[in-house]
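A.B. asks: following is a predicted model, sequence given first.
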Amino acid sequence: MTLRIEDYGIIGDTHTAALVGVDGSIDWLCVPRFDSQACFAKLLGTPDNGYWKIAPKSGIRSCKRQYLGDTMVLQSEFETDTGVVRLVDCMPLREQYPEVVRWVEGVTGSVEMRMELVVRFDYGKTVPWVTQKDGQNRFIAGPDALCLWSPVHTRGEDLKTVAEFTLQPGQSVPFLLSWHPSHAALPRPVDARFIVDETERWWQRWADACTYEGEWRDTVVRSILTIKALSYEPTGGIVAAATTSLPEDLGGVRNWDYRYCWLRDATLCLTSLMFAGYYDEARDWRDWLLRAVAGDPKDLQIMYGPAGERRLDEYTLDWLPGYENSRPVRVGNAAAGQYQLDVYGEVMAALHQARAGGMEGDPAWDLERILLEFVETGWREPDDGIWEVRGPRRHFTHSKVMAWVAFDRGVRAIEEFGFDGPLDRWKKIRQEIHDEVCEKGYDPKKGAFTQYYGSEGLDASILMVPLVGFLPATDERMSNTVAAIQRELMRDGFVMRYQPTGPDSVDGLPGEEGAFLACSFWLVDNLGLLGRKDEACEMFERLIGLRNDLGLLSEEYDPRYGRLVGNFPQAFSHVSLVNSAVYLSMGLTAAEAPRMSRMRVRRRRHRRQ
């Protein structure tokens, strides 16, 4: 049976991550890092594509699960007809190679258990060679090897590795699964109970450093933990999600690989991390950004690999049926080659956010000047837009607004921080873009900013206009646009990105999609800026009510089915949640956020002294 997306939890080691189902099955794991090939890919097809399940053999009445405190250590408690067992899953913070530790123990009664391990490298295509020696099972295929260690006896059965055992109260059995290069020596078994405890302590210490003290602290902390779990520690990159090809439209073709780092996430990520007090992580993300975008500005991509890789060639995995038959399953992302004007504004805004927030070190100005030199002429060209549509290029309104942001942040860098640059020229371009957007992007008949010049369609990305400082939310044109979005893009109280079908559709793909959760949080922010705080808080509560029992969100929510859809968990959704919580609880606008963040850091340093 296929589990719902919300039936999964994430465990991770800040290099890669695994998804654990409510049935005790790990159905998705990429090794040795996020965008590597999966050795468990049941999530995207049949069980033969790889999984690792530890659960009672029969008679499961219920499963209660939770993260242990403010950590990424997941505990699932199964109640059966004969007793209760507890399963604890984690990925220890690695010293060298990725590991998954699973600890199962009896709580009450007597429970018969079964472990099934199906290893398939290359996204389910490659069956490994399996050997057993000294209590270790080794699974080898080409350059990859997995090693399973456990004190219980295992055996082969129909190309599976299985074990059966019975647990009484107080009895426990550990399982350790490690990846290593096939030419390397076997990793040594570790003390599983010690590793679980150590991993729990590490995450709890990290979470305890959170400085957010507002109304929704528990919600914010869980989202910040999720963002940390989606980070790639060696470089500081933050991937958009742990998965590929979880559908935006169940059974449809809107299936994309999100295991990469998007530049447009940069500003929101920096804001949320700095507000929560995680300046080291924010600095690492800033430095990743600088390394990734270095080079010829015309070659700037919208996304990169976790280490800054530029080659993200897209291809399909035809042997996988896809999640709930949602095909094709894609690896790589062709949108990396698109021209998206807005990312120049996103980069400039992120670097300004870091500077205004008091982040130490400022190696970016030479690069920023080069980027702006390109945008001086590049802003006039049509582009592919924020949503990476696969239709023709347009003069998207949001893209032009973000071009304005690029020059606005450049001007402010000169005026506020004393950098050298062509101030008068950039001010003139900034004003020219502003005038054009207000003239061509706003439709007086419709009473709203539209998706692109000459269009009558709406786009939720326009909700960013007051958040980036282009116009105040109280400007009549903007407040009218908010009203139009509420009227035309809302589905059961949540915001669609745009109309995916119809004569004005730009994405060139069949089918519908769910409500985009980040856009819904942007509406919350706009309502707050309009002084409609009660309405904003009510919508915020509805949004966080969409989280699963572990506090996780995917990319979208489909009101037709009452289900989360899209890749999971989604960093963009969680950073938008954090920022909305901050704005609502502190009464801040986005423009005030860096200043307030800097003041909080200074107060914290003063207390420590």
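C.D. replies: Yep, it's here. Numbers count the residues shown, from 1 in each chain.
A.B. asks: remind me which residues of the stretch 351-500 of the chain are low pLDDT?
C.D. replies: Across the stretch 351-500 of the chain, residues meeting the criterion (pLDDT under 70) sit at 360-363.
A.B. asks: which stretches of it form helices?
C.D. replies: When assigned using DSSP state H, counting those that start in this stretch, the helices of the stretch 351-500 of the chain occupy the ranges 365-378, 397-417, 423-436, 464-467, 476-488.
A.B. asks: what angle sits between the longest one and helix 423-436?
C.D. replies: Regarding helix 397-417 and helix 423-436, their directions subtend 150 degrees when assessed with axes from the mean of the first three to the mean of the last three C-alpha atoms, to 10 degrees.
A.B. asks: got the contact list for the nearest residue to residue 529 once chain neighbours are set aside?
C.D. replies: Nearest in space to residue 529, with sequence neighbours left out and distances taken as C-beta to C-beta, 6 or more residues apart in numbering, is residue 473 at 3.7 Å. For glycine as for every other residue, the C-beta is placed from the backbone atoms N, C-alpha and C. By C-beta atoms under 8 Å, 6 or more residues apart in numbering, residue 473 lies in contact with 466, 479, 482, 526, 529, 530.
A.B. asks: low-confidence stretches in the chain?
C.D. replies: Checking the chain against pLDDT under 70 turns up 360-363, 501-505, 508, 588-609.
A.B. asks: how does it divide into domains?
C.D. replies: If you go by automatic domain parsing, the domain ranges for the chain are 5-205, 234-608.
A.B. asks: which one, of the ones you listed, ends up nearest to residue 214?
C.D. replies: Within the domains of the chain, the stretch nearest residue 214 is domain 234-608; the backing value is 3.0 Å (C-beta to C-beta).
A.B. asks: check the offset of the closest one from the chain's centre.
C.D. replies: 13 Å (C-alpha atoms, centre = their mean, to the nearest Å).
A.B. asks: rewinding a little: out of the helices of the stretch 351-500 of the chain, the one nearest residue 241 is which?
C.D. replies: For those, the distance to residue 241 is smallest for helix 464-467, at 20.8 Å, taking C-beta to C-beta.
A.B. asks: got a list of contacts for the closest one?
C.D. replies: When contacts are defined by C-beta under 8 Å, 6+ apart, helix 464-467 is touched by residues 398, 401-402, 449, 471-473, 475, 478, 481, 522, 525-526, 529, 589-590.
A.B. asks: among those residues, which ones are buried?
C.D. replies: Using 16 or more other C-beta atoms under 10 Å as the burial test, the contacts of helix 464-467 include 398, 401-402, 449, 471, 473, 478, 481, 522, 525-526, 529, 589-590 as buried.
A.B. asks: nearest to residue 74, of the residues you listed?
C.D. replies: residue 522 (30.4 Å).
A.B. asks: SS state for the closest one?
C.D. replies: For residue 522, the reduced secondary structure class is helix; criterion used: DSSP: H, G, I helix; E, B strand; the rest coil.
A.B. asks: touching, it and residue 460? I think so.
C.D. replies: Yes. Distance between residue 522 and residue 460: 6.8 Å, which falls inside the contact criterion (C-beta atoms under 8 Å).
A.B. asks: for those two, list the residues in contact with both.
C.D. replies: Common neighbours of residue 522 and residue 460 (C-beta under 8 Å, 6+ apart) are residue 495.
A.B. asks: can you pull the phi/psi pair for residue 57?
C.D. replies: In this entry, residue 57 is assigned phi and psi values of phi -70, psi -30 (degrees, to the nearest 10).
A.B. asks: tally of neighbours for it?
C.D. replies: Summarising burial for residue 57: neighbours were counted as other C-beta atoms under 10 Å, giving 12.
A.B. asks: how far away is it from residue 50?
C.D. replies: Look at residue 57 and residue 50: by C-beta to C-beta, to the nearest Å, they are 21 Å apart.
A.B. asks: next one: residue 499
C.D. replies: Residue 499 sits 38 Å away from residue 50, taking C-beta to C-beta as the criterion.
A.B. asks: who has more neighbours, the two?
C.D. replies: For the pair residue 499 and residue 50, the greater number of neighbours falls to residue 50 (30 against 18), based on other C-beta under 10 Å.
A.B. asks: doesn't residue 41 make contact with that one?
C.D. replies: Yes. Using C-beta under 8 Å, residue 50 and residue 41 qualify as a contacting pair, with a distance of 5.2 Å.
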